[in-house]
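Participant: model this:
(one chain, ligands or ions: 2)
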Amino acid sequence: AHSAFSTKIRRYDAESLREAALLIRAGEPVAAPTETVYGLAADATDSNAVAAIYSAKGRPSFNPLIVHVADHAMAEKLAHFCPQAERLAERFWPGALTLVLPVRQDSGLSPLVMAGLPTVAIRLPAHPAMRALIRESGRPLAAPSANRSGAISPTRAEHVLASLNGKIRMILDAGPTSEGVESTIAAPQADCIRLLRPGPVTAAMLEEAGGLPVMTGKTGAKIEAPGQQESHYAPSKPVRLEVMNAEKEEFLIGFGLMPCNVNLSPDADLREAAANLFAALHLADASAASAIAVAPVPNEGIGVAINDRLRRAAA
Ligand code: TXA
Ligand code: MG
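Facilitator: Ligands and ions are numbered 1, 2, ... in the order given. So this is what the prediction gives:
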């Protein structure tokens, strides 16, 4: 395939940060880490820059993007915060929570970011590299996960390179991400909190902080996360779930003490398993095995997000 750019990986420091911010200001997407996964970031106020994200990822344009901000003041300029949203932001920002809120008329955001919706997804990440990039470029940054659309999400700079080599100019490398699965997406409503994507901030945490019931599932059709297609995070091989004994041709991803090819967490620690999940899927995908098997993972806490991603990888 034809490569438009040579993609360079740069260790995150003051100089690479400055260079990345210059690219952003010139309308170019740059890959940078958050504490969840690496994002492909571009100026959310510049339609050409946002279009370049969709094109590098091969992402359908009806799937809206998350806008990343460096502080709460920046978020208030983009969206209307109801008291419920204020409470959740106060409690979980900076962190792995994305809030879907009514977009402000005067937000200045490119309409491509919202893909026609009256709402915008906003996140204040905790990772210093992404926050510094927002500050240094002086723009809110639209950033989906930095992988080709539908593929496994990247938790290391090398994952980004493997997926987007030749499609972007630069990857800021700050090592493996700590959380490992994408942010929780929640839409606060008058009488409940809609959970659109499970993630590191669990339903129980949202309920406890918001004092409102958390609703999941397909009921509120108009505020679903449009990117939540059944097949996603998909390796190039068949994936079988809840497997205790793998077939000979299968690469086994284990959980807890067991013989396997790679273990998400020998101590059966769900946070560790989440942090290792996508790297394990990348390894399994790159292995000589013709199929992938995954051991059962308890469906509690961040295990709900792990199982959500595994189900989509297997779909
Ligand atoms: O952890 C994360 O959230 C990472 C890092 C880079 O921040 N980003 C990420 O972005 O996972 P992406 O594009 O892979 O997933 C964004 C999800 C999609 O499912 C999209 O449909 C949903 O957010 N979304 C965006 N705007 C929305 C809106 N206004 N209403 C409902 N869902 C929305
Ligand atoms: Mg993604």
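Participant: next, the residue nearest to Thr119 when sequence neighbours are not counted: secondary structure please.
Facilitator: Closest residue to Thr119 apart from its sequence neighbours, by CB to CB, 6 or more residues apart in numbering: Val100 at 5.0 Å. All C-beta spots, glycine's among them, are computed from the backbone N, C-alpha and C. Following DSSP: H, G, I helix; E, B strand; the rest coil, the label given to Val100 is strand.
Participant: wait, Val100 sits on Ala186?
Facilitator: Yes - with contacts counted by CB atoms under 8 Å, Val100 reaches Ala186, the gap being 7.0 Å.
Participant: what do these two both touch?
Facilitator: Listed contacts common to Val100 and Ala186 are Arg194, Leu196; contacts here mean CB atoms under 8 Å, 6 or more residues apart in numbering.
Participant: with neighbour numbers in mind, choose between those two.
Facilitator: Applying other CB atoms under 10 Å to Val100 and Ala186 shows that Ala186 carries more neighbours, namely 27 against 24.
Participant: that one belongs to a strand?
Facilitator: Yes - counting by three-state DSSP, Ala186 is found in a strand.
Participant: now do the contacts for it.
Facilitator: Leu88, Leu97, Thr98, Leu99, Val100, Ile193, Arg194, Leu195, Leu196, Val201, Leu206, Val214.
Participant: and the third one, what are its bridge partners?
Facilitator: According to DSSP bridges, Arg123, Ile185 are recorded as the beta-bridge partners of Thr98.
Participant: smallest gap between the stretch 51-200 of the chain and ligand 1, at which residue?
Facilitator: Pro144 (2.9 Å; CB to the nearest ligand atom).
Participant: for that residue, grab the count of nearby residues.
Facilitator: Under the neighbour criterion other CB under 10 Å, Pro144 is assigned a count of 24.
Participant: hang on, it packs against His68?
Facilitator: No - checked against CB under 8 Å, the pair Pro144 and His68 is beyond contact range at 10.5 Å.
Participant: list residues touching both of the two?
Facilitator: Gly39.
Participant: contact residues of this structure facing ligand 1?
Facilitator: For the chain, the residues in contact with ligand 1 (CB under 6 Å from any ligand atom) are 34, 36-37, 39, 63-66, 98, 100, 114, 117, 119-121, 123, 143-145, 182-183, 185, 196, 223, 225-228.
Participant: of these, which qualify as buried by neighbour count?
Facilitator: Neighbour-count burial (16 or more other CB atoms under 10 Å) applied to these gives 34, 36-37, 39, 63-66, 98, 100, 114, 117, 119-121, 123, 143-145, 182-183, 185, 196, 225, 227.
Participant: gap between the residue lying farthest from the centre of the chain and Ser290?
Facilitator: Within the chain, Lys248 marks the point farthest from the mean C-alpha position, 32.9 Å out by CA atoms, centre = their mean. Separation of Lys248 from Ser290 (CB to CB, to the nearest Å): 10 Å.
Participant: Val181 now?
Facilitator: Relative to Ser290, Val181 is positioned 26 Å away (CB to CB).
Participant: and these two? Which one has more around it.
Facilitator: Val181 (27 against 12).
Participant: buried ones in the longest helix belonging to the chain?
Facilitator: Counting residues, the longest helix in the chain under DSSP state H turns out to be helix 270-286. Across helix 270-286, burial judged by 16+ other CB under 10 Å covers 270-282, 284-285.
Participant: counting by contacts, list what it packs against.
Facilitator: Counting contacts by 3 or more CB pairs under 8 Å, 6 or more residues apart in numbering; DSSP states H and E, helix 270-286 packs against helix 157-164, strand 250-254, strand 262-263, strand 291-294, helix 303-314.
Participant: chain center to the fourth one: distance?
Facilitator: Between the centre of strand 291-294 and the centre of its chain there are 23 Å (CA atoms, centre = their mean, to the nearest Å).
Participant: and what of stretch 292-310?
Facilitator: 17 Å.
Participant: do a quick rundown of the helices in the stretch 1-150 of the chain.
Facilitator: 14-25, 47-57, 72-76, 83-92, 111-114, 128-137 (DSSP state H, counting those that start in this stretch).
Participant: so what pLDDT did Gly210 get?
Facilitator: For Gly210, the model assigns a pLDDT of 84.
Participant: burial of the nearest residue to it once chain neighbours are set aside, as a residue count?
Facilitator: Closest residue in space to Gly210, ignoring its immediate chain neighbours: Ile193 at 5.2 Å, by CB to CB, 6+ apart. Per other CB under 10 Å, the neighbour tally for Ile193 reads 25.
Participant: can you tell me what sits against stretch 196-211?
Facilitator: Taking CB under 8 Å, 6+ apart as the rule, stretch 196-211 contacts 36, 84, 87-88, 91-92, 95-98, 100, 179, 181-188, 193, 195, 213-214, 216, 223-225, 228, 274, 301-302, 304-305, 308.
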